[in-house]
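Chemist: pasting the structure only:
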C-alpha cells in the first residue's frame, strides 16, 4: 500500500543519561503523549515514538499496522544500532509505539537518525535526524555542566549493587578534579606499618630488636625491666583535599615465656615536629600474652585525631615489662591505621 506524508515525533529517555530528543518528518500537529512518565520512578530504556500515517491522498489511516523503527549512526548506509517492530493501532492516522531494544551504549551522545518502515514496505526516505532538547546538550560528549548554586550540581545515585559512577580513558586522565581538589568519601582507608619499622625509644637500655624478612620484629631483653619501642605511623594528613581523621588503630603481637614478658601500655602520639605533641589515646591495660599465639587489639581514638597539613606526625609507642630469661620475647607483627575524613 502506498502511503503519503507522515509525521513522527519521539521523546527519548535512556537510563542514567536522561537524554531527550524530538524529530519531525513532515509538518502537522504533533499528537500529545497520554502516558506522561512518573518523575519519581526509575527511567526505563524505552524510546517512545508518536506518529501520523496517511494514504497517498493524505487521508488518515485506521486499524492495526506493523511499524519497524530503526536507529542508525548515519543518514544513509551506516550501522543499525537498535530496532524494534510493533503492531500498533492507528486511529485517525495517529499511533504510539514504544521502541524497547535500545541501550545507553546505542544512544550515548553521538549523532543518530531514525528510519521507519510500515507493513513491510521499504523504509521511508530520508531518515530523520534526532535532535536533542536543550537540557540534553549538557550530556553530550565534551559537555560542560556549569552552575553557581550552593547545592549539589550533579548527583549520580545507584541504590543497587552496581557502580554509581565509572570513568575510564584509553590513555589519558580518567577522572580529574580541579579547584580545591576535594574528593569526599565515607569509605575508610587502611594503611599497615610492619613491625620492622620499630626502633628503640630513647632512654631504653638492655633491649635488642631483631628484624625478620617478613616484616616481623622480635624484642629480646638483655636486662630485666621496662622496655619501650616506637613505630612511626606514616599516613597522609590530608587526602584528596580533606583533613584525615584517625578512626582506629589495630596492634598485632605475641609473647613467649609465660608471664615473664608482657605489654603494659600502648600509646599514640600526634606532634607537629616543632616540640608540640599530644596523646591521641593511651591504653594502660596489661596485655598478657604468654601463650605464644598472635593477638590483635583495636583502639578507637576520639580526641585530637583529625590531622592537618602542618600537624599530622604520628608515632605508636609500646611499653613492655620484660624478663631477660632465655625465651622471654615479644613479637610485633605490625600496626594498622584506619583513616576517615573530617566531615
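Modeler: That came in fine, so what should we check first? If you're wondering where the values come from, they're calculated on a predicted model, not measured in any experiment. Numbers count the residues shown, from 1 in each chain.

Chemist: Going by C-alpha atoms from here, please, whenever you check contacts or count neighbours.
Modeler: Will do.

Chemist: any idea how this protein splits into domains?
Modeler: Using automatic domain parsing, the domains assigned to the chain come out as 7-139, 189-341.

Chemist: any idea which of these is most buried?
Modeler: Mean neighbours per residue, mean count of other C-alpha atoms under 10 Å, is largest over those for domain 189-341, with a mean of 18.

Chemist: Off-centre distance for that one?
Modeler: When distances are taken as C-alpha atoms, centre = their mean, to the nearest Å, domain 189-341 is centred 33 Å away from the chain's centroid.

Chemist: Give me the mean pLDDT for that domain.
Modeler: Average pLDDT, domain 189-341: 92.

Chemist: related to what we said a few turns ago, possible to save the domains of the chain as CSV with distance to residue 179?
Modeler: Shown next, in CSV, are the domains of the chain (distance: least, C-alpha to C-alpha, whole Å):
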stretch, distance to residue 179
domain 7-139, 21
domain 189-341, 10
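
Chemist: elements contacting the one helix or strand residue 267 maps to?
Modeler: Taking DSSP states H and E as the criterion, residue 267 maps to strand 262-271. Other elements packing on strand 262-271 under the criterion 3 or more C-alpha pairs under 8 Å, 6 or more residues apart in numbering; DSSP states H and E are strand 277-283, strand 313-322.

Chemist: Now tabulate those strands in TSV and tack on distance to residue 159.
Modeler: Shown next, in TSV, are those (distance: least, C-alpha to C-alpha, whole Å):
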stretch	distance to residue 159
strand 277-283	37
strand 313-322	38
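
Chemist: Just tell me which of the ones you listed ends up closest to residue 228.
Modeler: Of all the helices and strands packed on strand 262-271, it is strand 313-322 that lies closest to residue 228, at 4.5 Å by C-alpha to C-alpha.

Chemist: List the neighbouring strands of that closest one plus their orientation.
Modeler: Note on strand 313-322: by DSSP bridges, its sheet partners are strand 225-233 (antiparallel), strand 262-271 (antiparallel).

Chemist: Any idea which of the ones you listed gets closest to residue 108?
Modeler: When those are compared by C-alpha to C-alpha, strand 225-233 sits nearest residue 108, at 46.5 Å.

Chemist: And the next helix or strand past the closest one?
Modeler: Once the chain leaves strand 225-233, the next helix or strand it forms, by DSSP H and E, is strand 238-239.

Chemist: Direction included, what does that following strand pair up with?
Modeler: Sheet pairing for strand 238-239, assigned by DSSP bridges, gives strand 242-256 (antiparallel).

Chemist: relative to strand 277-283, how tilted is the strand it pairs with?
Modeler: 50 degrees (axes from the mean of the first three to the mean of the last three C-alpha atoms, to 10 degrees).

Chemist: Start at 58, not 1
Modeler: OK, 58 is where the count begins now, so the last one is strand 299-313.

Chemist: ok, back up a step: give me the contact list for the strand holding residue 324.
Modeler: Strand 319-328 has contacts (C-alpha atoms under 8 Å, 6 or more residues apart in numbering) with 312, 334-347, 361, 368-379, 387.
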